[in-house]
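Visitor: This is the structure alone, sequence omitted:
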């Protein structure tokens, strides 16, 4: 069964800046944010096999989980609308009216929203809670928060085949922002299976939970039964206070970066990724002579009256 959502091949955009030239560093951006008008970035890959499986099993309704500023819930809502599937979003915390632009986007695409307490949300993976949700919403295909399950990791393996490095014996660094670790685990598996080149993979955590993502990535890799893997590490020091948190330093950086390179950033994921890379390049933590490819995983940017990309 073909994937019900089409994508355009992502382009690799090379950045130019004096700080890169001075250190002989090549930084390119894989523009996953451009592959589909609504279901873009790593979200498309994490949903791919979940959507196919839901169709194979005859489901007509998707149910998933997320916070009030969840890019994942927006992607599920958009994918459901494009595929003719009903969608339900279970939101951490009380629904506040008027809805914020993220939840309004989801609602405008037909997603039914249910706010639950943070204490109850902690049980989002329990069979008992799923049964309670079925009693309210009917039979549903459940997609975990962030699309992070074995099928989501499987989809993210395919991103590795879209990454191409310049020839030469230079050091290679692949960098991405991480919220659950599933994309990073899939990429590690994909490079092991498809590319088999030496590189380091950096995941920039957007959460204020040290050690959480390292444990998650290790879990997915153990589930994949890998015996060897590329070198990888998680940076836990670039969260700016936690998920979807920001401050004037990050806001200023995103504005300057976007103006210089014509690449939109948002404060949940991509802003933190490129801020970390900028700091590591300027401090010398990233060695001269390194080739960097950063994944632009997309995200919606709040503007007056709604959202833009």
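Guide: Sure thing, it's come through. Treat the numbers as computed from the prediction; the structure is a model and nothing was measured.
Visitor: where does stretch 54-63 sit relative to the chain's centre, distance-wise?
Guide: Chain-centre distance of stretch 54-63: 23 Å, with Cα atoms, centre = their mean, to the nearest Å.
Visitor: Can you list the neighbours in contact with that stretch?
Guide: 1, 4, 76, 79-80, 83, 85-90, 133, 137-143 (Cβ atoms under 8 Å, 6 or more residues apart in numbering). For glycine as for every other residue, the C-beta is placed from the backbone atoms N, C-alpha and C.
Visitor: Take those and, keeping just the buried ones, write it as a ChimeraX select command.
Guide: Buried residues within the contacts of stretch 54-63, by 16 or more other Cβ atoms under 10 Å, are selected in ChimeraX with:
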select :76,79,80,83,85,86,87,88,89,90,133,140,141,142,143
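Visitor: So which of the contacts of stretch 54-63 belong to strands?
Guide: 86-90, 141-143 (DSSP state E).
Visitor: And those residues, which is closest to residue 37?
Guide: Ranked by distance to residue 37 (Cβ to Cβ), those are led by residue 87 at 17.5 Å.
Visitor: The closest one is in contact with residue 80, isn't it?
Guide: Yes. The criterion here is Cβ atoms under 8 Å, and residue 87 meets it with residue 80 at 3.7 Å.
Visitor: Pull up the overlap in contacts between those two.
Guide: 62, 109-111.
Visitor: Could you dump those into TSV with neighbour count and secondary structure added?
Guide: Output for those, formatted as TSV (neighbours: other Cβ atoms under 10 Å; DSSP: H, G, I helix; E, B strand; the rest coil):
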residue	neighbour count	secondary structure
62	24	strand
109	17	coil
110	13	coil
111	24	coil
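Visitor: Pull the contacting residues for residue 153.
Guide: 182, 185-186, 189, 220, 223-224.
Visitor: Tell me the one of these nearest residue 45?
Guide: residue 186 (7.4 Å).
Visitor: So residue 163 is in contact with residue 175, correct?
Guide: No. Between residue 163 and residue 175 there is no contact, the gap being 11.3 Å when judged by Cβ under 8 Å.
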